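Trainee: for reference, the sequence and a predicted model appear below.
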Amino acid sequence: MNAPNPCVADLVQAIRNVPDFPQPGIQFKDITPVLANGRLFKKCIEQLVGDFKPGDVDAVVGIDARGFIFAAAAALKLECGFVPVRKKGKLPFQTYEQSYDLEYGSNTIAIHTDAIRHGSRVLLIDDLLATGGTAAAATQLLKKVGANILEISFFIELSFLNGRDKLQGVPIRSLVIY
């Protein structure tokens, strides 16, 4: 793991490592201790938002499901709207959809067609960057609606899975990199 930013050292200490979850050989990074601690959760949101201030961002977009937690809190901090990117079939209005490959099979995510106005400045947030498939699909959806993606912010990045390779041309912020 890379040496953590001193501002996120407490966050690193709070992340619980759960071996063999959800299957043998996986070292699951459990973020619930960070969420349960108001001071740490606030610090996490401040770091995910970075130097953005109210007025800099028109909407914060969160990826289903844990990304919603961080993105909604970031939207409150930035005094802007929150837009969910959900799994296919979960949004009730007209949607754009984007499919992407998983290790075994594929998945599809969606965004409402009217969720973001063309040219809107957005911050995309998710809890984890692993292989990059979901974030790349969300990026493609945001481009379909004409969004200007200012940055993609992740709480945790598993760098050994090379997810950044699928997110070329977009600034990326990761708080904790393993």
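Mentor: Now that the structure is in, tell me what you want to look at.
Trainee: give me the phi and psi angles of the residue located most distally from the centre of the chain.
Mentor: The centre of the chain is farthest from one residue, residue 24, which by CA atoms, centre = their mean lies 25.4 Å away. Dihedral angles of residue 24 (phi, psi; degrees, to the nearest 10) stand at phi -60, psi 140.
Trainee: count the neighbours of the residue lying closest to residue 59 once chain neighbours are set aside for me.
Mentor: Residue nearest to residue 59 in three dimensions, not counting chain neighbours: residue 81, with 4.4 Å by CB to CB, 6 or more residues apart in numbering. Every residue, glycine included, has its C-beta placed from N, CA and C. Other residues lying near residue 81 total 15 when counted by other CB atoms under 10 Å.
Trainee: then residue 87?
Mentor: Count around residue 87 with other CB under 10 Å applied: 14.
Trainee: residue contacts, it?
Mentor: 64, 107, 108, 109, 110 (CB atoms under 8 Å, 6 or more residues apart in numbering).
Trainee: do you know how far it is from residue 150?
Mentor: 25 Å (CB to CB, to the nearest Å).
Trainee: buried sites along the helix or strand hosting residue 127?
Mentor: For residue 127, the host element (DSSP states H and E) is strand 121-129. Using 16 or more other CB atoms under 10 Å as the test for burial, strand 121-129 gives 121, 122, 123, 124, 125, 126, 127, 128, 129.
Trainee: so what strands line up beside that strand?
Mentor: strand 59-63 (parallel), strand 148-157 (parallel) (DSSP bridges).
Trainee: would CSV of those strands with distance to residue 36 be doable?
Mentor: Below are the strands paired with strand 121-129 laid out as CSV (distance: least, CB to CB, whole Å):
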stretch, distance to residue 36
strand 59-63, 19
strand 148-157, 14
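Trainee: of the ones you listed, which is nearest residue 47?
Mentor: Smallest distance to residue 47 across the strands paired with strand 121-129 (CB to CB): 8.4 Å, for strand 148-157.
Trainee: CA atoms only for the closest one, dumped as PDB, please.
Mentor: In PDB, the C-alpha atoms belonging to strand 148-157 read as follows (Å, rounded to 0.1, in the frame of the first residue of the first chain):
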ATOM      1  CA  ASN A 148     -18.500  17.800 -17.900                       C
ATOM      2  CA  ILE A 149     -16.800  15.400 -15.500                       C
ATOM      3  CA  LEU A 150     -14.500  17.400 -13.300                       C
ATOM      4  CA  GLU A 151     -13.100  14.500 -11.400                       C
ATOM      5  CA  ILE A 152     -13.800  10.900 -10.200                       C
ATOM      6  CA  SER A 153     -13.200  10.400  -6.500                       C
ATOM      7  CA  PHE A 154     -12.800   7.100  -4.800                       C
ATOM      8  CA  PHE A 155     -12.400   6.300  -1.100                       C
ATOM      9  CA  ILE A 156     -10.300   3.100  -1.800                       C
ATOM     10  CA  GLU A 157      -8.400   2.100  -4.900                       C
END
